[in-house]
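>>> Mind looking at a prediction? Sequence and model below.
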Amino acid sequence: MSIHGKVGRAGTTKIKRALGVQAALEWAFRVEQAQLELQPPKDGAEEGFGFGLEYVLIQQAALGCKVDGGQHKLGSYTHADAEVIAATVAGMPDSLGGIRMAICV
C-alpha cells in the first residue's frame with residue numbers, strides 16, 4: 001500500500017474479514033514487516049561486545065560502499081493493526097513463554 005492508499009474501482013468498499021491467529025501473525029510480520037520493540041536488558045552483563053560506529057564507518061570506507069540503513073519496509077509504512085499485533089506479541093507474559101516465545105513467533 002502506498003502513502004496515497006489503494007487505487008480501487010468506484011463504489012468498492014473495504015471488506016473486513018476474520019483471520020486466525022497464525023494468519024494474523026504472518027500478515028503482521030511477513031507482509032507488513034512489523035518489528036518487535038523489546039525492552040533493553042536491565043544489567044550490562046547481558047550486553048555483548050560490539051563494534052563501535054567508527055569501526056563500521058572505517059570498514060565501509062575501505063570497501064567503498066555505504067549501507068542503506070533506512071526503513072524496515074521501503075516506500076511504505078507498517079499498518080497500525082500490525083503494530084498492535086507486534087506490541088501484543090512483545091508483551092507476552094512469562095507464563096506464556098515471555099520474550100523468548102515472542103522472538104520465536
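Thanks, I have it.

>>> how near is residue 18 to residue 33?
Residue 18 is 23 Å from residue 33, where distance means CB to CB, to the nearest Å. Using the backbone N, CA and C atoms, a C-beta is placed for each residue, glycine as well.

>>> Who has more neighbours out of these two?
Neighbour comparison, residue 18 and residue 33: the larger count goes to residue 33, with 15 against 6 (by other CB atoms under 10 Å).

>>> and the more buried one, which of the three is it?
Put simply, residue 33 is coil when judged by DSSP: H, G, I helix; E, B strand; the rest coil.

>>> distance of residue 30 from residue 24?
From residue 30 across to residue 24, the span is 11 Å (CB to CB).

>>> Looking at the two, which one has more neighbours?
Applying other CB under 10 Å to residue 30 and residue 24 shows that residue 24 carries more neighbours, namely 15 against 9.

>>> Which positions within the strand or helix carrying the more buried one qualify as buried?
Secondary structure assignment for residue 24, by DSSP states H and E: helix 21-26. Neighbour counts over helix 21-26 (16 or more other CB atoms under 10 Å) mark residue 25 as buried.

>>> which is the next helix or strand following it?
Criterion used, DSSP H and E; the element after helix 21-26 is helix 53-63.

>>> now that next one: mean pLDDT?
Averaged over helix 53-63, pLDDT sits at 78.

>>> Can you dump the C-alpha atoms of that helix in PDB for me?
In PDB, the C-alpha atoms belonging to helix 53-63 read as follows (Å, rounded to 0.1, in the frame of the first residue of the first chain):
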ATOM      1  CA  LEU A  53      30.300   3.300  14.900                       C
ATOM      2  CA  GLU A  54      33.800   4.500  14.000                       C
ATOM      3  CA  TYR A  55      35.000   1.000  13.100                       C
ATOM      4  CA  VAL A  56      31.900   0.400  11.000                       C
ATOM      5  CA  LEU A  57      32.400   3.600   9.100                       C
ATOM      6  CA  ILE A  58      36.100   2.800   8.500                       C
ATOM      7  CA  GLN A  59      35.200  -0.600   7.200                       C
ATOM      8  CA  GLN A  60      32.600   0.900   4.900                       C
ATOM      9  CA  ALA A  61      35.100   3.400   3.600                       C
ATOM     10  CA  ALA A  62      37.600   0.600   3.000                       C
ATOM     11  CA  LEU A  63      35.100  -1.300   0.900                       C
END
